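Student: curious how this folds, go ahead:
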Amino acid sequence: MSHKSFSTVTDPETRSELTALVQKWVEREVLPVASALEHADEYPEALVEQMKEMGLFGITVPEEYGGLGLDLLSYIAVIEELAAGWMSLSGVINTHHIAAGLLVAHGTDEQRSSLLPRMVTGEMRGCLSLSEPDAGSDTRNISCRAVRDGDEYVITGTKAWVTNGERAGLVALAARTEEGITCFMVEKDPGVAYGGIAVSKNIGKLGYRGLETVEMVYDAHRVPASAVLGGDEGVGKGLAAILSGLEVGRINIAARAVGVARAAFEASIKYAQQRHTFGQPIAAHQAIAHKLADMGTQLQAARLLTEHAARLRAETGRAEVEAGMAKLFASEAALDIATEAMRIHGGVGYTTDLPLERYFRDAPLMIIGEGTNEIQRTVIARGLLKRYAIEE
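Tutor: Numbering: from 1, shown residues only. Here you go, the predicted structure:
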């Protein structure tokens, strides 16, 4: 399966300008409405439209297809800002960018020219569909099948945990063919039903609310043979491409975790200076000061690991171990920091008056999403043992 590289290095000033633009937008438009939308589990239509206008659906897509053509470091900087405001917003564009990245790296010229220009504007939303009810981390159990029938494939099976699945116009779908796992770029109309595709269940969630996570059933749904990612050359080679794309997803998860952790830390260090007990700010008490020290250290380490993984992926095209490390550490740090933030705030942190309870509910997703942290440890260990193998 061919791989086309569009490696770019964004000027730091350009990256800073975009990050500042998104940060100001989050402060102005997102923070005032995030809690209400999240508690109502309401899709943020107006905010998504503004994200389209800012070009956030095409951050890393090459300029020749209408995208911003920026690097992965720019992308994770934007993700951190979005997650610091409301983590669900980063989910709106994560799997979209994975699908676009698959096209950029592995698509045919025709697939890129047809799909990417619509994706960068947000006219066509992308999503990724790998997991199944009985096949999560164990991709060998994928049972969704695609059978060749002349110039078409007939797809049958059930897919689970599809973020943006209902609103997507393009699904990067993993299905089993005679040759092995193949990635299909399945075009559809947004909605609960299209052809042989039906949204069978909208999954309720502890956090990560405001956007849909669904199960999708493919009942003898037909797609043209040209829907195979990479054309005929890509048949049976989809799993490697998708797993490579998931490295970007794991770096995205790490950046989200940094954003949530940052929001919880900043709220805590501010509150610790404002809240007084026994005649002094609680930040003056050693127990609280030490919590802040640990939180700040975890946050900085998580950000540096995430940036390192993004830089390595951009420079070499692979960062399996480093992406796993960043995702593992940053997600665990986010849950720790969100928990400590609630402790520092005391009773008020447990109420819905402050967004701390949202950080506390959102953080566990990063431990589970894009491969559980238990799987990350396995991936990291396997990669390290290979890297430092002893010659016999």
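Student: in the stretch 101-250 of the chain, what residue spans correspond to strands?
Tutor: Ranges of strands in the stretch 101-250 of the chain, per DSSP state E, counting those that start in this stretch, are 126-129, 145-149, 152-163, 170-177, 180-187, 193-194, 197-202, 213-224.
Student: out of the ones you listed, which gets nearest to Ala309?
Tutor: strand 126-129 (18.9 Å; CB to CB). C-beta coordinates here come from the backbone N, C-alpha and C atoms, glycine included.
Student: packing partners for the closest one?
Tutor: Taking 3 or more CB pairs under 8 Å, 6 or more residues apart in numbering; DSSP states H and E as the contact definition, the neighbouring helices and strands of strand 126-129 are helix 87-106, strand 152-163, strand 170-177, helix 238-274.
Student: for the residue nearest the centre of the chain, which non-adjacent residue is closest in space?
Tutor: Taking CA atoms, centre = their mean as the criterion, Asn94 is the residue nearest the geometric centre of the chain, at 3.7 Å. Once its chain neighbours are removed from consideration, Asn94 has its nearest residue in Asn252; the separation is 4.9 Å (CB to CB, 6 or more residues apart in numbering).
Student: burial count for that neighbour?
Tutor: The local packing count at Asn252 equals 30, with neighbours defined by other CB atoms under 10 Å.
Student: and the residue located most distally from the centre of the chain, how close does it get to Ile269?
Tutor: Summary for the chain: using CA atoms, centre = their mean, the residue whose C-alpha lies farthest from the chain's mean C-alpha position is Gly279, with a distance of 44.8 Å. The gap separating Gly279 from Ile269 is 20 Å, by CB to CB, to the nearest Å.
Student: Met54 too?
Tutor: Taken as CB to CB, the spacing of Met54 relative to Ile269 amounts to 29 Å.
Student: kindly report the same for Asp219.
Tutor: In this view, Asp219 and Ile269 are 53 Å apart by CB to CB.
Student: how about Lys237?
Tutor: To Ile269, Lys237 is 49 Å away according to CB to CB.
Student: just Cys144 next, same as before
Tutor: To Ile269, Cys144 is 47 Å away according to CB to CB.
Student: with neighbour numbers in mind, choose between the two.
Tutor: The residue with more neighbours, out of Cys144 and Ile269 and counting by other CB under 10 Å, is Cys144; that gives 22 against 17.
Student: quick one, domains of the protein?
Tutor: Residue ranges for each domain of the chain read 12-124, 127-235, 239-387, as given by automatic domain parsing.
Student: I'd like those as CSV, with mean pLDDT appended.
Tutor: As requested, these are arranged in CSV below (pLDDT from 0 to 100):
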stretch, mean pLDDT
domain 12-124, 97
domain 127-235, 95
domain 239-387, 96
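Student: and the nearest residue to Val348 once chain neighbours are set aside, how far is that from Leu292?
Tutor: Of all residues beyond its chain neighbours, the one nearest Val348 is Leu354 (6.3 Å), with distances taken as CB to CB, 6+ apart. Remark: distance between Leu354 and Leu292 (CB to CB) = 17 Å.
Student: perfect, I'm done here.
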